[in-house]
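**Student:** I need the structure of the sequence given here:
(chains A and B)
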Number of protein chains: 2
Amino acid sequence: MGDRGAAGGGTRRRRGGAAAAAAAARQTPGPAQGDSGGDPGHDPGGDFRCHKVQESLLSSASGYSNYRGILNWCVVMLVLSNARLFLENLIKYGILVDPIQVVSLFLKDPYSWPSLCLVIVANVFVVVALALEKRLAAGSLSEGAGAALHGLNLLAILCFPAGVVLVVTSITPVGSVFALAIYTIIFLKLFSFRDVNKWCRDRREGKNAPPGNGDGSAAAAGAKKANGDVGKSRVTYPANLTYRNLYYFLFAPTLCYELNFPRSPRVRKRFLLRRLFEMLFFIQLLVGLIQQWMVPTIQNSMKPFRDMDYSRIIERLLKLAVPNHLIWLIFFYWFFHSCLNVVAEVMQFGDREFYRDWWNSESVTYFWQNWNIPVHKWCLRHFYKPMLKRGASKWAAQTAVFLASAFFHEYLVSVPLKMFRLWAFMGMAAQIPLAWFVSKFLRGNYGNAAVWISLIIGQPIAVLMYVHDYYVLNYEGNQ
Amino acid sequence: MGDRGAAGGGTRRRRGGAAAAAAAARQTPGPAQGDSGGDPGHDPGGDFRCHKVQESLLSSASGYSNYRGILNWCVVMLVLSNARLFLENLIKYGILVDPIQVVSLFLKDPYSWPSLCLVIVANVFVVVALALEKRLAAGSLSEGAGAALHGLNLLAILCFPAGVVLVVTSITPVGSVFALAIYTIIFLKLFSFRDVNKWCRDRREGKNAPPGNGDGSAAAAGAKKANGDVGKSRVTYPANLTYRNLYYFLFAPTLCYELNFPRSPRVRKRFLLRRLFEMLFFIQLLVGLIQQWMVPTIQNSMKPFRDMDYSRIIERLLKLAVPNHLIWLIFFYWFFHSCLNVVAEVMQFGDREFYRDWWNSESVTYFWQNWNIPVHKWCLRHFYKPMLKRGASKWAAQTAVFLASAFFHEYLVSVPLKMFRLWAFMGMAAQIPLAWFVSKFLRGNYGNAAVWISLIIGQPIAVLMYVHDYYVLNYEGNQ
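**Tutor:** Numbers count the residues shown, from 1 in each chain, chains lettered A, B, ... in the order given. All right, here's what the predicted structure looks like:
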């Protein structure tokens, strides 16, 4: 209580200069002002004044605008609210976390590993793609036939695992999501591989190359060699068509092929260990949160859905939104920061831009451009720009990218669940009008808040839709 | 998706300059870099590069630190969480808001208004205080006798209503809190009135006055007159000892007496209407929130308390903390901004500093010095500074202020509930070690967070304690 004068001075100093000047101008002039009036010994000429004309801080006339403390308030309130939810959950359900149960999500029969077999078979398509490229490079296959065969190979990469998942009964939904994700990644990677090799052939034949720059590639390679570039020699087309080069690309944390990836000079062991620890810790946390928080909440949501009790459906949706969003955030960090950095560090892959600052995004498009950089880069390089080159408008190309993304979302959800509902497709497709709306009507922090709301609310809607339909399809009949 | 380059540039621009320079230094030199590699037509000499050596944003090596979006995230999460709680509450309890019930909190018997009678009787003490001061000013009463009689009068102001509340059975707890609060305010105001008049007499008799400044008061008054000061003439001692002057002080929104209060030049009608609207709106909101949210939560807390089920007690406490804190915040705004500004505007009282920026307080003492300025000013002027003058140490004076405040908190809670438990006293007294701990160990945002936590958690503990004891005392026997 002693340093009141100093504290008061601090407060005043923190106000805007203009406001302080205005406040000073409003003050009644007089010999004794402020706190000094409280003490008869230090009140030379006044009548013990301790008030002066001034506005309340929250009045707009005060010009005050320092609300730093509100951020801390938000954080404290969020932590306390969620601590309560956590405690309530523990009291209601006890401890539901069960690591053994996780294994059963991948395996129905411990002697049959269909997902793993499926992933191993994927190598066949890789070998086919490389063989095709070798023929094309040697000229023993025409461009047209090569394109057709590549197309067939790529189509097979998407159709074969889907067919297997739909036919084989011993495969679990989680196992098949895993296998299909691997196949999708291989599809995107081989698509990029084919494109880049095609561009290399085009340049070799002088097509598309800017005048006077025909042998630029070799010159650039020479320059690189002089610089050292981590001591590796540069590879030029068609010397890149080796298993070693292709498999490095397949394991590298990127979807865009490049003949010579930027490499980091060494494996930083402390960095690797930290990311590995995060990887192990967050996967445990994810599994724990899903078992403890998501599963009971979803199970409790089935009854309101069956009864079509709308106020309860919304309540359940909001209840689900918090753990779902938290899990998504942890998943984001776990996959895009921990896992991809571990892989990149082990492979000495230099480009670690797996995400950009999507958390600040003020429009829906900025979010989709920045949260998943490997996919965004692929879409831009192998889908959006080629479409623009072929004369499509920006708007059409953007819509096409969203629809392609919607297709893959649907593919990764519907096939494993053996249930075709189009919720995921519609969820992604709905981003197009949403993006238009946000960019048209919301700016700055409002746009940012709109992106967060669409993330927090949008996902649990889709999750509840699928779980509800899956539940009705698989368990309703048994009751 | 089209403005990816621009967006990427924006991201990079937002990073710290040093980090950007470091990132540039880390980049592999080469003719074709970045996004241009994605398009074969614009790749003059490279091998279709689309990667470069760079760190992930969340790696500490990236030097990135822009997390503006997180504040929006916090706000969105808080709004959604509380929307869910609100909906859950509505589904569970229906609409509990009942304005008629509020009347019954003030009146047991519609023909007996004990609280109002008590407030009217308070005028007796005011008249006594003024009569004493008039005698003292005229010199017909000695200073010693005057001090004794004033002391008796002030003691009676605190004891008389407490006695009435404890004896009269028709008075309700809410009604008696109201009456006791009025009496406490009158006590503090008359204490200040007596002190200031004493200082004036001391100065008139030449005591304590700095040399050569004996008639400074009159000179200052003359200067004020020339300045106009809203056209009012200045009052000097003993001309201030009138009913008009004293009753202006009693209704003014301050606890510190002054012979000539600063006045605002006119009643701003729009400002007054806005504050009046807020006053009416927020009081409705407060009553609604208490009936709908606090009461059922408190009722649900009784069983865990009876069973001494600790995990459930903590869960209930955290559940209660959110509405309690929200209600306290609304109450703060309602009372300190809306109500006091309405009173001040009507009375053309100039000093509107009823609170300072306590929401940014980084220590417990700063909070207590800034959230309730009328009381803080009174404590400083009539309690803390006089103690320092009498030779008490700063620490002792500060502790004494906290203990006096603790006494009044207890007085305002225990007497109306007719139940002496010391929880409020201990709650205020606990601020002393808390203030020591926070100022010793926590700084900046951590200190601010600690203040918020103590506010959010501390209050519901005290509320639950009293409600539990009141419940046990009044309802347990009936079951």
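
**Student:** pLDDT wise, what is the residue nearest to the spatial centre of chain A at?
**Tutor:** Of all residues in chain A, the one closest to the mean position by CA atoms, centre = their mean is residue A:371, 4.0 Å from it. On pLDDT, residue A:371 comes in at 91.

**Student:** got a list of what it touches?
**Tutor:** A:332, A:355-356, A:358 (CB atoms under 8 Å, 6 or more residues apart in numbering or on different chains). No exception for glycine: its C-beta is placed from N, CA and C like everyone else's.

**Student:** where does the stretch 1-150 of chain A dip in pLDDT?
**Tutor:** Low-confidence segments of the stretch 1-150 of chain A (pLDDT under 70): A:1-47.

**Student:** in it, which spans are strands?
**Tutor:** Assigned by DSSP state E, counting those that start in this stretch, the stretch 1-150 of chain A shows no strands.

**Student:** circling back: just flag the most distant two among the contacts of residue A:371.
**Tutor:** Between any two of the contacts of residue A:371, the greatest separation by CB to CB is 12.4 Å, found for A:332 and A:356.

**Student:** tell me which of the two has more neighbours.
**Tutor:** Neighbours per residue (other CB atoms under 10 Å in any protein chain shown) separate residue A:332 from residue A:356, with residue A:356 holding more: 23 against 16.

**Student:** is it true that that one touches residue A:370?
**Tutor:** Yes - with contact defined as CB atoms under 8 Å, residue A:356 counts as touching residue A:370 (3.9 Å).

**Student:** near residue A:248, how many other residues are there?
**Tutor:** 14.

**Student:** and the closest residue to it other than its chain neighbours, its phi and psi?
**Tutor:** Leaving aside its sequence neighbours, residue A:248 sits nearest to residue A:347 (CB to CB, 6 or more residues apart in numbering or on different chains; 7.0 Å). Per-residue torsions, residue A:347: phi -90, psi 0 (degrees, to the nearest 10).

**Student:** so who does residue A:347 touch?
**Tutor:** A:248, A:251-253.

**Student:** the nearest residue to residue A:104 once chain neighbours are set aside and chain B, how far apart?
**Tutor:** Excluding the flanking residues, the one nearest residue A:104 by CB to CB, 6+ apart is residue A:172, at 7.8 Å. Applying CB to the nearest CB, to the nearest Å, the value for residue A:172 to chain B is 32 Å.

**Student:** just the pLDDT for residue A:172.
**Tutor:** For residue A:172, pLDDT reads 88.

**Student:** what is the neighbour count of residue A:260?
**Tutor:** The burial count for residue A:260: 23, using other CB under 10 Å.

**Student:** swap in residue A:333?
**Tutor:** 15.

**Student:** that one reaches residue A:281, doesn't it?
**Tutor:** No - contact criterion CB under 8 Å: residue A:333 and residue A:281 do not qualify, at 10.7 Å.

**Student:** in contact with residue A:276, which residues?
**Tutor:** Contacts of residue A:276 (CB under 8 Å, 6+ apart): A:338, A:342.

**Student:** which SS class is it?
**Tutor:** Secondary structure state of residue A:276, per DSSP: H, G, I helix; E, B strand; the rest coil, is helix.

**Student:** distance of it from residue A:376?
**Tutor:** 26 Å (CB to CB, to the nearest Å).

**Student:** spell out, range by range, the helices that occur in the stretch 151-300 of chain A.
**Tutor:** A:173-204, A:216-227, A:243-251, A:269-289, A:295-307 (DSSP state H, counting those that start in this stretch).

**Student:** where do the strands sit along the stretch 351-479 of chain A?
**Tutor:** Going by DSSP E, counting those that start in this stretch, the stretch 351-479 of chain A shows no strands.

**Student:** show me which residues of it sit near chain B.
**Tutor:** Within the stretch 351-479 of chain A, the residues that sit near chain B (CB under 8 Å from any CB of the partner chain) are A:351-357, A:359-361, A:365-366, A:368-370, A:376-377, A:379-382, A:384-385, A:389, A:394, A:397-398, A:401, A:445, A:448-449, A:452-453, A:456-457.

**Student:** buried ones among the residues you listed?
**Tutor:** When these are checked for burial by 16 or more other CB atoms under 10 Å in any protein chain shown, the buried set is A:351-357, A:359-361, A:365-366, A:368-370, A:376-377, A:379-382, A:384-385, A:397-398, A:401, A:448-449, A:452-453, A:456-457.

**Student:** residues in the stretch 51-200 of chain A within reach of chain B, list them.
**Tutor:** Counting by CB under 8 Å from any CB, the stretch 51-200 of chain A sits next to chain B at A:51-59, A:64, A:66-78, A:80-81, A:83-84, A:87-88, A:90-91, A:196, A:199-200.
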